[in-house]
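1. generate coordinates for the sequence data below:
(2 chains)
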There are 2 protein chains.
Amino acid sequence: MPIQTPITDLIRIKVPIIQGGMIWCSGWRLASAVSNAGGLGTLGSGSMYPEVLREHLAKLQTETNRPYAVNLPLLYPSMEEHIQSCIDFQVPVVITSAGSPRTHTERLKKAGIVVMHVVSSAAFALKSQEAGVDAVIAEGFEAGGHNGREETTTMVLIPAVRDAVKIPVIAAGGIADGRAMAAALALGADAVQIGSRFAASQESSAHPAFKEAILRAKEGDTQLTLKELAPVRLIKNAFYQEVQSAYNRGASKDELQALLGRGRAKKGMFEGDLYAGELEIGQVAQSIHDLPSARDITQTIYEDCVQTLSQLSRLAR
Amino acid sequence: MPIQTPITDLIRIKVPIIQGGMIWCSGWRLASAVSNAGGLGTLGSGSMYPEVLREHLAKLQTETNRPYAVNLPLLYPSMEEHIQSCIDFQVPVVITSAGSPRTHTERLKKAGIVVMHVVSSAAFALKSQEAGVDAVIAEGFEAGGHNGREETTTMVLIPAVRDAVKIPVIAAGGIADGRAMAAALALGADAVQIGSRFAASQESSAHPAFKEAILRAKEGDTQLTLKELAPVRLIKNAFYQEVQSAYNRGASKDELQALLGRGRAKKGMFEGDLYAGELEIGQVAQSIHDLPSARDITQTIYEDCVQTLSQLSRLAR
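-> So this is what the prediction gives:
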């Protein structure tokens, strides 16, 4: 019994689960596994040079004939070349984030690409709709990685975005099991985007040490920080403590930028430096305790969601 | 078609909606209206002198013959006398918060009172269960007023608490409509506690100016602050800006305590001083735009929840 929503219709997927395009975690292995399981796999282009993205696109196309997506975090370099690659490879779906939806949507849509934009407020969801995107991904405060300044949580954000726009809404932030997926649908979402749970999967390209750090994370172990630069949720490791010390001595924005430097995310998530690296993950890491295959994750969340909805319907009878 | 859960059975209410016992908002008018509508009305004793709580208890008992609760925020004065009043008046339910569940649970339960404790983490939910409480109220980061240090949101907190304890779980934080109530049930809650929505009701004893401030609040207008003292979510008014200035100059905990002083909450929420007062409200204030009766709020949320559950069951078919 498939869950049919405006999102499954729009992008022709069987399961309304989108794998987040997390930098350093989301190559062709993870994306093809999720797409082959019926969801929407996503390449995270933020950590790729142009030729690397093209290699992943070529490999992904040999590994799946199902729809897939590319995430373009617009604050990273190489975006112009990445966009051209998406057009050249006739990528079915592009997910833009960390920038204005006005910049690239028209060009991508003219190339026949479905465009979704990541937002953290109802106001930006409305702007995205006006810019012509096909759907918005509304990401709450609890999500890992880069995030909004308003700190609005998924529980509050999704109904607000649902009421603000007419286009389909995808919920993100705090979703790692079937109960949370059912909750997101109750809030008005047409699909969910799941990041952290897939970061800790067999096919994730994250360093094994980072995957182990996700499994060890307990409640209160992540924090949204560096709001003066680009707000990001990460594990409170030694690097985070350095950032806190900088705040405590009243560091300026420039000092924070110098402390962050370049390559922190790669160092932490790809090279496995758990001390000096940036370890981006969501609050829901506290509930992640194993490293299944992406197929198992997709199927289990979907089946548990269907079961939760069925139990709830008996509650209302 | 009633929603029957372990909570409706435990406290013999028709509708699994608990009105939060918000200080300065929750007197006998609000509590009796919610209880008479089938939910669980709650007196907020944190803002009451002992004789004032007894007056409210006497009045409440003449206005309803349904179950009701008293909230005891243990960090406030007069708690010893408040507990004796609850025992003397044979209060059906006591909700303890902002303190240890070990301190008073045994005494209250011996007096035949159902005891619930407010928690913001699965670890404290487990401690509360071990202390013998009948249920926990798990309150997410998005909730108004005093809150946990871990910043765990409702979406992440409820499944974690559900998995940690065997006793009933009530979800709080970010819930102001039937969609969010349905989402909370999907996450594993047996009932919801609703604060902000009832603060902006006809029967709320909040100052009319504070009620208007709730209706004006937009996304990003509240913030969790003063974590060094007792973390509290409030509207970003002039007082909040003063607190931020103190942080920016590296103020000590003592300086923050001196700035907060005494009576800030009363000044803001009861006397209507929107500049110098503390205005405690949840993130979900962004979606509150009217001042209905508490009966209308209770019934509308319940009916919309039932409708949402029914729509979801069609989705899974």
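2. can you pull the buried residues of the helix or strand containing residue A:305?
-> Here residue A:305, judged by DSSP states H and E, is contained in helix A:294-315. For helix A:294-315, the neighbour count (16 or more other Cβ atoms under 10 Å in any protein chain shown) marks A:294-295, A:297-299, A:301-302, A:304-306, A:308-309, A:312-313, A:315 as buried. The way it works is simple: take the backbone N, C-alpha and C, and place the C-beta from them, glycine included.
3. buried residues of the helix or strand containing residue A:242, list them for me.
-> Per DSSP H and E: residue A:242 is located in helix A:238-248. Within helix A:238-248, the residues scored as buried using 16+ other Cβ under 10 Å are A:239, A:240, A:243, A:246.
4. report pLDDT for the one residue in chain A that gets nearest to chain B.
-> Nearest residue of chain A to chain B (Cβ to the nearest Cβ) works out as residue A:313 at 3.0 Å. On the pLDDT scale, residue A:313 is placed at 85.
5. do I have it right that it meets residue B:316?
-> Yes. Checked against Cβ atoms under 8 Å, the pair residue A:313 and residue B:316 is within contact range at 7.4 Å.
6. ok, residue A:126 - contacts?
-> Going by Cβ atoms under 8 Å, 6 or more residues apart in numbering or on different chains, residue A:126 touches A:164, A:165.
7. quick one: mean pLDDT for the helix or strand where it lies?
-> Under the criterion of DSSP H and E, residue A:126 resides in helix A:122-130. For helix A:122-130, mean pLDDT is 98.
8. next helix or strand past it?
-> On the C-terminal side of helix A:122-130, the closest following helix or strand by DSSP H and E is strand A:135-139.
9. who are the packing partners of the following helix or strand past that following strand?
-> Scanning forward in sequence from strand A:135-139 by DSSP H and E, the next helix or strand is strand A:145-146. Packing partners of strand A:145-146 (3 or more Cβ pairs under 8 Å, 6 or more residues apart in numbering or on different chains; DSSP states H and E): strand A:232-235.
10. ok, residue A:92 touching residue A:67?
-> Yes. Look at residue A:92 against residue A:67 with Cβ under 8 Å: they come within range, at 4.3 Å.
11. identify the contacts common to those two.
-> Contact criterion Cβ under 8 Å, 6+ apart; residues shared by residue A:92 and residue A:67: residue A:11.
12. how about the helix holding residue A:242 and chain B, touching?
-> Yes. Shown here: helix A:238-248 in contact with chain B (Cβ under 8 Å from any Cβ of the partner chain) through residue A:248.
13. quick one: average pLDDT of that helix?
-> Helix A:238-248 shows a mean pLDDT of 94.
14. picking that back up, got a list of what the residue of chain A closest to chain B touches?
-> Going by Cβ under 8 Å, 6+ apart, residue A:313 touches B:309, B:310, B:312, B:313, B:316.
15. phi and psi next, for residue A:199.
-> Torsion angles at residue A:199 (phi, psi; degrees, to the nearest 10) stand at phi -60, psi -30.
16. name the nearest residue to it, sequence neighbours excluded.
-> residue A:25 (4.6 Å; Cβ to Cβ, 6 or more residues apart in numbering or on different chains).
17. ditto for residue A:242
-> Nearest residue to residue A:242, sequence neighbours excluded (Cβ to Cβ, 6+ apart): residue A:259, at 6.4 Å.
18. cool, and residue A:197?
-> Here the residue nearest residue A:197, using Cβ to Cβ, 6+ apart, is residue A:176, at 4.0 Å.
19. and for residue A:306?
-> Residue A:306 sits nearest to residue B:316 (Cβ to Cβ, 6+ apart), 5.0 Å away.
20. for the one you found, give me its contacts.
-> Shown in contact with residue B:316 (Cβ under 8 Å, 6+ apart): A:1, A:3, A:305, A:306, A:309, A:310, A:313.
21. where exactly do the helices run in the stretch 151-300 of chain A?
-> Along the stretch 151-300 of chain A, counting by DSSP state H, counting those that start in this stretch, helices occupy A:154-164, A:178-187, A:196-199, A:208-216, A:238-248, A:253-260, A:264-265, A:294-315.
22. and the residue nearest to residue A:147 when sequence neighbours are not counted, how close does it get to residue A:76?
-> Nearest residue to residue A:147 in three dimensions, chain neighbours excluded: residue A:231, at 5.0 Å (Cβ to Cβ, 6+ apart). Distance from residue A:231 to residue A:76, counting by Cβ to Cβ, to the nearest Å: 16 Å.
23. equivalent analysis for residue A:145, please.
-> Distance from residue A:145 to residue A:76, by Cβ to Cβ: 12 Å.
24. so if I had to pick from the two, which one is more boxed in?
-> Applying other Cβ atoms under 10 Å in any protein chain shown to residue A:145 and residue A:76 shows that residue A:145 carries more neighbours, namely 28 against 17.
25. measure that one to residue A:283 for me?
-> 12 Å.
26. between the two, which contacts overlap?
-> In contact with both residue A:145 and residue A:283: residue A:233, using Cβ under 8 Å, 6+ apart.
27. where does the stretch 151-300 of chain A have low pLDDT?
-> Along the stretch 151-300 of chain A, the model assigns pLDDT under 70 to no residue.
28. residue numbers of it in contact with chain B?
-> Proximity of the stretch 151-300 of chain A to chain B (Cβ under 8 Å from any Cβ) is limited to residues A:151-156, A:159-160, A:162-163, A:173-175, A:177, A:179-180, A:182-188, A:219-220, A:223-224, A:248-250, A:282-284, A:286-287.
29. filter these to the buried ones?
-> Neighbour counting with 16+ other Cβ under 10 Å marks A:151-156, A:159-160, A:162, A:173-175, A:177, A:179-180, A:182-188, A:219-220, A:223-224, A:282-284, A:286-287 as buried within those.
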